[in-house]
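> my questions concern the predicted model and sequence given below.
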Amino acid sequence: MYRVTTSHLGPDARRIRMGAEDIDRGEISASDLTVLLDGFMEIDPSDNEEHDPHITVSGRGAKLIIRTSRGRLQVYDVRDHAAPAVVMTVAEVLQRLDRVFESAPPHSKGDGQPAPTAPHRGIAFAMLVVGLALNGYILYSVFYVESVNKKPEVTLISDADELKTRQASVVGIYATGSKTGDRVIEVDSTGHVRFYENGLKGPINDSKDTYQIGRHDGTICLSTVESGVVDLVGDTLVYYKDVYQKRRPSP
Amino acid sequence: MPALKKNAINARTSAVMNDLRVYSGAFQAYAQEHGDWPPGGGAPGVFPPGMDGYLNQTNWSRTTPIGGNYQFATQSAQAGGHYAAVIVISSNGSNLVTSDANQLSDIDRKLDDGNLNTGNFFLGYRNYPVFVLEH
């Protein structure tokens, strides 16, 4: 069934009726609509030019405004005012009114091109996913920084007795030497560690951190918060390949 | 954007290489005239004593193109050895030197042997870049 409104048209739509602005004809069948449109195409050309008679039809898939010119139907989509008229036969008008998935796409130019269908939407979705993935990869590659500072995985010592023994043995002052340019690591019993370099006028590059005792790859180590890992090898500390000899117990 | 990132790495590499070329030339000029390196032991960004007339103090003290500050050191303990004279690019407080492996490797490829563990440009204490003037 189709909902039909006629403008400036008589009952059979073959003639102009002055004063008949918009007449709601209710819902009519496909055959009645066919008769109405067949009659509409026979309207007098001069009357047609002067009064702009037209028929508005709503179906399941579209709402159309139909005008006529030289015995042909010119069809406009109500939901796409910018689109030009499409010349259609009565059968094509009925088909258009019934096509649900092609109903009045906003970008339809009314040129007979089918609107996006389900497969098209699938392709669009796939392209969207690919685009997002590409953007993600680009952002990742731009902002990802492979650092040279990779901290090894350290397992902290949890056994209280072992921890106490290790703590007592590691406390002290360690150095690569005693000259300017040598480095010093001071480990105290309260979990603090100090790093510095012997400078011309005293310690330089002086920094402090906290540590916990643990193991990595079978080696006992001090795992610090910000300064990485200091290995304990025998009675020495090894830090960034430099060997620090123990000097004397921490005061 | 990856191309932009690569360009940025190239630009920083060129700037660091230029700095190291100029600075190493200045220290070597000093060494030739005085028979020894100037005294090391200065903090990062601190102008090495005796280098007036050889080095531009402002340039030496500014942040390097890869962060941190330049530091001249003698008898420096680095990566298990002692080096007679080096220029280190050190973090200085919150002014951190980059840890970007791509950036550092790019400098090493163009300046040295491409290996950050060997040669005259390598990663020393705390993975700070070290440029060797004399072993």
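Okay, I see it. Source: prediction; values computed, not measured.
> may I see the buried residues of the longest helix seen in chain B?
Ranked by number of residues, the top helix in chain B under DSSP state H is helix B:2-34. By neighbour count on 16 or more other Cβ atoms under 10 Å in any protein chain shown, the buried set for helix B:2-34 is B:5, B:9, B:12-13, B:16-17, B:19-20, B:23-24, B:26-27, B:30-31. Glycine gets a C-beta too; all of them are placed from N, C-alpha and C.
> do the same with stretch B:63-83
Neighbour counts over stretch B:63-83 (16+ other Cβ under 10 Å) mark B:64-79, B:82-83 as buried.
> restrict the residues you listed to those near chain A?
Filtering the buried residues of stretch B:63-83 for neighbours of chain A using Cβ under 8 Å from any Cβ of the partner chain leaves B:73-79, B:82.
> show me what the longest helix of chain B is packed against.
Where contact means 3 or more Cβ pairs under 8 Å, 6 or more residues apart in numbering or on different chains; DSSP states H and E, helix B:2-34 is packed against helix A:118-143, helix B:57-61, strand B:69-78, strand B:81-90, helix B:101-111, strand B:129-134.
> between it and strand B:129-134, how many degrees?
Helix B:2-34 runs at 30 degrees relative to strand B:129-134, counting by axes from the mean of the first three to the mean of the last three Cα atoms, to 10 degrees.
> shaky segments in chain B?
Scanning chain B for pLDDT under 70 picks out the ranges B:1.
> which residue does it bring closest to chain A?
In chain B, the residue that lies nearest chain A is B:G41 (3.2 Å; Cβ to the nearest Cβ).
> do I have it right that that residue meets A:K179?
No: if you go by Cβ atoms under 8 Å, B:G41 and A:K179 don't touch, sitting 9.2 Å apart.
> what residues does the stretch 51-200 of chain A have near chain B?
Checking the stretch 51-200 of chain A against chain B by Cβ under 8 Å from any Cβ, the hits are A:138-139, A:141-142, A:145-149, A:176-177, A:179-183, A:198-200.
> now, of these, which are buried?
A:148, A:176-177, A:180-183, A:198-200.
> now the residues you listed in CSV, with secondary structure, pLDDT and distance to B:L123?
Shown next, in CSV, are those (DSSP: H, G, I helix; E, B strand; the rest coil; pLDDT from 0 to 100; distance: Cβ to Cβ, whole Å):
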residue, secondary structure, pLDDT, distance to B:L123
A:V148, coil, 93, 6
A:T176, coil, 95, 17
A:G177, coil, 93, 21
A:T180, coil, 93, 22
A:G181, coil, 92, 17
A:D182, coil, 94, 19
A:R183, strand, 96, 15
A:N198, strand, 95, 21
A:G199, strand, 94, 21
A:L200, coil, 90, 24
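> which residue packs closest to whichever residue of the stretch 151-251 of chain A sits closest to chain B, ignoring adjacent ones?
In the stretch 151-251 of chain A, the residue that lies nearest chain B is A:L200 (3.2 Å; Cβ to the nearest Cβ). Spatially, and ignoring its direct neighbours in sequence, A:L200 is nearest to B:G41 (3.2 Å; Cβ to Cβ, 6 or more residues apart in numbering or on different chains).
> got a list of what the residue nearest to A:H216 when sequence neighbours are not counted touches?
Excluding the flanking residues, the one nearest A:H216 by Cβ to Cβ, 6+ apart is A:P152, at 4.3 Å. By Cβ atoms under 8 Å, 6 or more residues apart in numbering or on different chains, A:P152 lies in contact with A:216-217, A:229.
> from A:R67, how far off is the residue nearest to A:L200?
Using Cβ to Cβ, to the nearest Å, B:G41 is found at 96 Å from A:R67.
> center of chain A - which residue?
In chain A, the residue lying closest to the centroid (Cα atoms, centre = their mean) is A:L132, at 5.7 Å.
> which residues are in contact with the spatially closest residue to A:R14 that is not a sequence neighbour?
Leaving aside its chain neighbours, A:R14 sits nearest to A:G39 (4.3 Å; criterion: Cβ to Cβ, 6+ apart). Taking Cβ under 8 Å, 6+ apart, we find A:G39 in contact with A:12-14.
> closest to chain B out of those?
Within the contacts of A:G39, the smallest distance to chain B is 63.1 Å, found for A:A13 (Cβ to the nearest Cβ).
> doesn't the closest one lie inside a strand?
No: A:A13 is assigned coil when assessed by DSSP: H, G, I helix; E, B strand; the rest coil, not a strand.
> does it touch A:D32 like I think?
No: using Cβ under 8 Å, A:A13 is not in contact with A:D32; the gap is 10.9 Å.
> neighbour count for the two, which is higher?
A:A13 (23 against 14; other Cβ atoms under 10 Å in any protein chain shown).
> can you list the domain ranges for chain A.
Domains of chain A are assigned by automatic domain parsing as A:2-111, A:155-248.
> mind putting these into JSON lines with distance to B:R126?
Formatted as JSON lines, the domains of chain A follow (distance: least, Cβ to Cβ, whole Å):
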{"stretch": "domain A:2-111", "distance to B:R126": "60"}
{"stretch": "domain A:155-248", "distance to B:R126": "6"}
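> least confident of those, on average?
Per-stretch mean pLDDT for the domains of chain A is lowest at domain A:2-111 (a mean of 83).
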